[in-house]
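Novice: Sequence below, structure please.
(one chain, ligands or ions: 2)
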Amino acid sequence: MASVSMTVNGRSVSAEIEGRTLLVDLLRNQLNLTGTHVGCDTSQCGACVVHVNGEAVKACTIFAADAAGAEVTTIEGMADGDELHPIQAAFKEYHGLQCGFCTPGMIMSAAALLKENPKPTEAEVRHYLEGNICRCTGYHNIVKAILAASGQDVPAVAAE
Ligand code: FES
Ligand code: FES
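Specialist: Ligands and ions are numbered 1, 2, ... in the order given. Now for the predicted structure:
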């Protein structure tokens, strides 16, 4: 076991971890931040996306030890008190979720996209979300929500 420290959602945290502990397991099992989901064991689904030093990262793909000293943001760190983050509010308004399992990862990926590309085209949104799988929505309303969150017009029916 070893000790690791990092900042998670603006709070300094320390934990005892094994060398093989994944960041997603530290977040979920030791810090009780269960909004970061695990939907696969193949690094494909994107349900576990968090931000590490501002970059979208699949938290199942890095060791917790490799995030030592990092600034980590999870879905729990997106809202401002009772006020939803604008991307969360857009997902709510445009029905960008059904079961909600993929939603934390979708929102964290969307936030990273809008940070690097504040006005993405619909095609750019779809391309960016390639690493996030949704089994429910067919993606249309997710794309609409992200376009709306970027302050752009939302197509009545998004293209495939
Ligand atoms: Fe599926 Fe991380 S849990 S990509
Ligand atoms: Fe169910 Fe995306 S809303 S997996």
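Novice: which one is the residue most central in space within the chain nearest to, not counting chain neighbours?
Specialist: Taking CA atoms, centre = their mean as the criterion, residue 108 is the residue nearest the geometric centre of the chain, at 2.5 Å. Counting by CB to CB, 6 or more residues apart in numbering, residue 108 lies nearest to residue 49, which is 4.3 Å off, once chain neighbours are set aside. Bear in mind the C-beta positions are built from the backbone N, C-alpha and C, glycine included.
Novice: Over to the one you found: give its phi and psi.
Specialist: The phi/psi pair for residue 49 (degrees, to the nearest 10) reads phi -70, psi 130.
Novice: Offset the numbering so it begins at 41, please.
Specialist: Sure, I'll start counting at 41 from here, so that last one is residue 89.
Novice: Contacts for the helix or strand hosting the residue nearest to the centre of the chain next, please.
Specialist: When elements are assigned from DSSP states H and E, residue 148 belongs to helix 143-156. With contact meaning CB atoms under 8 Å, 6 or more residues apart in numbering, helix 143-156 is reached by 75-77, 79, 85-91, 94-96, 113-115, 118, 125, 127-128, 131, 136-137, 160, 164-165, 168-169, 171-172, 174, 182, 185-186, 189-190.
Novice: For ligand 2, see how far away the closest residue to residue 171 other than its chain neighbours is.
Specialist: Nearest residue to residue 171, sequence neighbours excluded (CB to CB, 6+ apart): residue 86, at 4.7 Å. Note on residue 86: its distance to ligand 2, by CB to the nearest ligand atom, to the nearest Å, is 10 Å.
Novice: cool, and residue 51?
Specialist: 28 Å.
Novice: try residue 194
Specialist: For residue 194 relative to ligand 2 (CB to the nearest ligand atom), the value is 18 Å.
Novice: residues contacting that residue?
Specialist: 134, 184, 187, 188.
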